[in-house]
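>>> coordinates only, sequence not included:
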């Protein structure tokens, strides 16, 4: 058996710490204000989240222990994807500038409540915040590193990009605009954090803005797809299986005892790709929130009594929100609590009505089918919305409506995109952004769907004389 060097072992421990899988005893003891152990020993412990994932079989050990040396192609793919994500964030913010939540000086319409952890006490607090956008437009590397932007549905906000990687990719992007033949892109450099740039060219700005519109509809489409997949997971919303009977308000675990990830990945290639894209774009925290919300929606629509559905739900929802405010819970924790409250209500109703098991199951089966049809309808609407944006604002091979032709400047923009009169670099940047925001597996799914193909064909096309395509 080959001996592992201390350097290799330390490197792996560091990676596990960065991923939140393990933690040093030093950190734990400092939080508890306990003196350091003798002999300068520093044991490592599994974090509570890791322990919970192990118990629920939600921790992918094979993926965890995989090293870059085992698959060089995978390492190259990861680096390429990271670069494209940074590039996309840079371009989106080069158009809009950075926007963020800042503490509100006084309560007013549009404020939101944000949670934070005090670095000194470790306690969770909350404060009112208001939306703020930089007066000085453009983007800098530190905008990405420090996650200053909260727009674009928070895509890639879960990733802690390395400062030096971001600066390297930023320099590569700026250098792409420096050749003489691309000087008409009019990249204006600004001074903030040492370096920065802002895209002034109207056509390039319009292209990037059109791409950014895809984020919300694609995210919503994938979320509905995952909700549909979760309904097929055994005991996903079964209140008798999932209910927390301890009444100890322990809703902070990142996994509550159900192997969703493995079950989702068994449901076909498209579902796997949808899950992987969502995790890559928004992270496991957002996925956990999605699961918690989906469970509440499922148990409400399928198992809650029809006659009291709405009234019961909002009564329990109000109580859960009050407890969230008191215990400073996240949205994920609040929905877990709400789920348990609804489950307890259903159990009490069953004892009162005395419905037989066969009758209850037959009733639930009909309601579940109706709920699934509702999700499928939402998916169809999201698909049409995505295709409308893609064809009418990005590719410009269709018009959303003929009325747009009369809008000032729109036809000229449409014609320039359609004829590919703009510099080739514009289209390259557009396609690179689209590949991340509107992934290829979803585009293929849309092309295979006869109804969606018919919908795209029904969109009006304005004929352009002397059209030339490069």
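Cool, the structure landed. Small disclaimer: the values here were computed from a predicted structure and weren't measured.
>>> give the contact list for residue 294.
Going by CB atoms under 8 Å, 6 or more residues apart in numbering, residue 294 touches 226, 227, 230, 236. For every residue, glycine as well, the C-beta is placed using N, CA and C.
>>> What helix or strand is it located in?
According to DSSP states H and E, residue 294 maps onto helix 269-302.
>>> what comes up buried for that helix?
By 16 or more other CB atoms under 10 Å, the buried positions in helix 269-302 come out as 271, 273-275, 277-278, 280-284, 286-302.
>>> For the protein, name the helix or strand with the lowest mean pLDDT.
Sorting the helices and strands of the chain by mean pLDDT, DSSP states H and E puts helix 25-32 at the bottom, at a mean of 46.
>>> Give me the domain ranges for the chain.
As assigned by automatic domain parsing, the chain contains the domains 6-68, 85-210, 231-354.
>>> among the contacts of residue 294, who's most crowded?
Highest neighbour count within those: residue 227, with 22 neighbours (other CB atoms under 10 Å).
>>> so residue 108 is in which element?
Per DSSP H and E, residue 108 falls between elements, in no helix or strand.
>>> Looking at the contacts of residue 294, which one is closest to residue 423?
residue 226 (38.5 Å; CB to CB).
>>> Show the pLDDT at that closest one.
pLDDT, residue 226: 94.
>>> quick one: average pLDDT of stretch 236-248?
pLDDT averaged over stretch 236-248 gives 54.
>>> Please shift the residue numbers so they start at 661 in all later answers.
Sure, I'll start numbering at 661, so the last one becomes stretch 896-908.
>>> follow-up on the earlier one: now the helix or strand just after the helix holding residue 954 and helix 929-962, what's the angle there?
Going down the chain from helix 929-962, the next helix or strand is helix 969-987, by DSSP H and E. Relative orientation of helix 969-987 and helix 929-962, computed by axes from the mean of the first three to the mean of the last three CA atoms, to 10 degrees: 100 degrees.
>>> what residues are up against residue 1051?
So residue 1051 contacts 1057, 1058, 1116, 1119 (CB under 8 Å, 6+ apart).
>>> Considering these, which possesses the most neighbours?
Neighbour max across the contacts of residue 1051 (other CB under 10 Å) = residue 1058, 20 neighbours.
>>> So, low pLDDT: which residues of the stretch 811-960 of the chain?
Along the stretch 811-960 of the chain, segments meeting pLDDT under 70 span 838-855, 894, 897-920.
>>> Spell out the residue ranges of the strands in it.
847-849, 857-859 (DSSP state E, counting those that start in this stretch).
>>> hmm, back to that, between the contacts of residue 1051, which is closest to residue 681?
residue 1116 (44.9 Å).
>>> just checking, the closest one touches residue 1049?
No. Using CB atoms under 8 Å, residue 1116 is not in contact with residue 1049, being 11.9 Å away.
>>> about what we covered before: in helices, which of the contacts of residue 1051 appear?
residue 1116 (DSSP state H).
>>> ok, now which ones touch residue 1119?
Here residue 1119 is in contact with 1048, 1051, 1052, 1058, 1059, 1060 (CB under 8 Å, 6+ apart).
>>> again, only this time at 6 Å
residue 1058 (CB atoms under 6 Å, 6 or more residues apart in numbering).
>>> So what's the predicted local confidence for it?
For residue 1119, pLDDT reads 87.
>>> Columns distance to residue 752 on top of the contacts of residue 954, output as CSV?
Below are these laid out as CSV (distance: CB to CB, whole Å):
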residue, distance to residue 752
886, 24
887, 27
890, 30
896, 35
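>>> Give the buried residues for stretch 1091-1099.
1093, 1094, 1096, 1097, 1098, 1099.
>>> swap that for stretch 824-833, please
Those buried within stretch 824-833 under the rule 16+ other CB under 10 Å are 825, 826, 827, 829, 830, 833.
>>> Closest one of the residues you listed to residue 682?
residue 825 (24.0 Å).
>>> ok, how many other residues are close to residue 1005?
Other residues lying near residue 1005 total 20 when counted by other CB under 10 Å.
>>> who's in contact with residue 1002?
Counted by CB under 6 Å, 6+ apart, residue 1002 has contacts 959, 976.
>>> Retrieve the pLDDT associated with residue 1083.
pLDDT at residue 1083 comes out at 81.
>>> Please report how far it lies from residue 949.
Per CB to CB, to the nearest Å, residue 1083 is found 41 Å from residue 949.
>>> do the same with residue 705
On the measure of CB to CB, residue 705 and residue 949 end up 26 Å apart.
>>> just residue 983 next, same as before
As judged by CB to CB, residue 983 and residue 949 stand 17 Å apart.
>>> Quick one: end-to-end distance for stretch 1044-1059.
Distance between the two ends of stretch 1044-1059: 13 Å, counting by CA to CA, to the nearest Å.
>>> Report the buried residues of that stretch.
1044-1054, 1056-1059.
>>> which of the residues you listed lies closest to residue 1107?
residue 1047 (9.9 Å).
>>> hmm, back to that, in CSV: the contacts of residue 1051, plus distance to residue 1002.
Shown next, in CSV, are these (distance: CB to CB, whole Å):
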residue, distance to residue 1002
1057, 47
1058, 44
1116, 41
1119, 42
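>>> In strands, which of the contacts of residue 1051 fall?
In strands, defined here by DSSP state E, there are no members of the contacts of residue 1051.
>>> From the contacts of residue 1051, pick the one nearest residue 1033.
residue 1116 (23.7 Å).
>>> do you know how far that closest one is from residue 1103?
Taken as CB to CB, the spacing of residue 1116 relative to residue 1103 amounts to 12 Å.
>>> shared neighbours of residue 1116 and residue 1049, which are they?
Joint contacts of residue 1116 and residue 1049 (CB under 6 Å, 6+ apart) do not exist.
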